[in-house]
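Q: Below are the sequence and a predicted model; questions follow.
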Amino acid sequence: MRKEIHPSYGPVVFRDRAANYAFLTRSTMTSEKTIEWEDGNTYPVVDVEISNVSHPFYTGTARVLDTAGRVERFERRYGKQG
């Protein structure tokens, strides 16, 4: 890799405020805000709206849509082509 063209890659804490959950990982994202982690070190923190803890797909609260009913309603409204 060429020097000085890539962003720095380091430890960052991502915090899901909705679920009160945070995890430490490596990323190129940076932030002015910092947080003291469980290991005693201070890391930049990035607030996210959705993580695997609060996303409906992972929590099992996702709704299943009735796509067959939607297709039939569309065909009734606009008629079948061909």
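A: Ah, there it is. Numbers count the residues shown, from 1 in each chain.

Q: drop to CA atoms for contacts and neighbour counts, all remaining ones
A: Will do.

Q: could you pull out the helices for this protein?
A: For the chain, helices defined by DSSP state H occupy the ranges 56-59, 67-78.

Q: Mean pLDDT lowest where, among those helices?
A: When these are compared on average pLDDT, helix 56-59 comes out lowest at a mean of 58.

Q: Show me the shaky parts of the protein.
A: Across the chain, the ranges flagged by pLDDT under 70 are 1, 55-68, 81-82.

Q: Tell me where it has strands.
A: In the chain, the segments counted as strands under DSSP state E are 10-16, 21-27, 34-36, 42-48.

Q: Name the surrounding residues that touch the second one.
A: Read that as strand 21-27. With CA atoms under 8 Å, 6 or more residues apart in numbering as the test, strand 21-27 has contacts from 9, 10, 11, 12, 13, 14, 15, 16, 53.

Q: Give me the distance between residue 43 and residue 36.
A: Taken as CA to CA, to the nearest Å, the spacing of residue 43 relative to residue 36 amounts to 6 Å.

Q: Looking at these two now, which is surrounded by more residues?
A: Taking other CA atoms under 10 Å, residue 43 and residue 36 do not tie; residue 43 has more neighbours (20 against 12).
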